[in-house]
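J.: need a structure here:
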Amino acid sequence: MIKQTLVHIYECQQCVITFAVEQAFEDQSVISCPSCCEEEWLEDVGEGVLTIG
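T.: Here you go, the predicted structure:
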């Protein structure tokens with residue numbers, strides 16, 4: 001079974017990592033980096049479709 005979900009793609013300028021958060025997550029303003037736990041270094045670099053299958 002293949003599942004597709006819409007995501008926002010973020011990049012932490014401090015940790016230099018890229019990660020995705022489900023677009024269904026209602027409050028995108030509370031997103032923080034999973035590595036350094038900071039939000040001030042985040043840049044929203046776009047949207048995409050994540051395919052799991």
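J.: contacts, neighbours, all on C-alpha from now
T.: Fine.
J.: Please report the distance of the residue positioned nearest the centre of the chain from residue 10.
T.: Residue closest to the average C-alpha location in the chain (Cα atoms, centre = their mean): residue 20, at 2.7 Å. Using Cα to Cα, to the nearest Å, residue 20 is found at 6 Å from residue 10.
J.: again, but for residue 44
T.: For residue 44, the distance to residue 10 - Cα to Cα - is 5 Å.
J.: before we move on, the earlier item: return the one helix or strand the residue nearest to the centre of the chain maps to as CSV; C-alpha atoms alone will do.
T.: Per DSSP states H and E: residue 20 is located in strand 17-22. C-alpha atoms of strand 17-22 as CSV (Å, rounded to 0.1, in the frame of the first residue of the first chain):
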residue,chain,number,x,y,z
ILE,A,17,19.7,19.5,8.1
THR,A,18,16.5,19.3,6.1
PHE,A,19,13.3,17.7,7.4
ALA,A,20,9.7,17.5,6.5
VAL,A,21,6.5,18.1,8.6
GLU,A,22,3.1,17.0,7.6
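J.: Following element in sequence after that strand, please.
T.: strand 42-52.
J.: Taking strand 17-22 as reference, get the angle to that next one.
T.: 60 degrees (axes from the mean of the first three to the mean of the last three Cα atoms, to 10 degrees).
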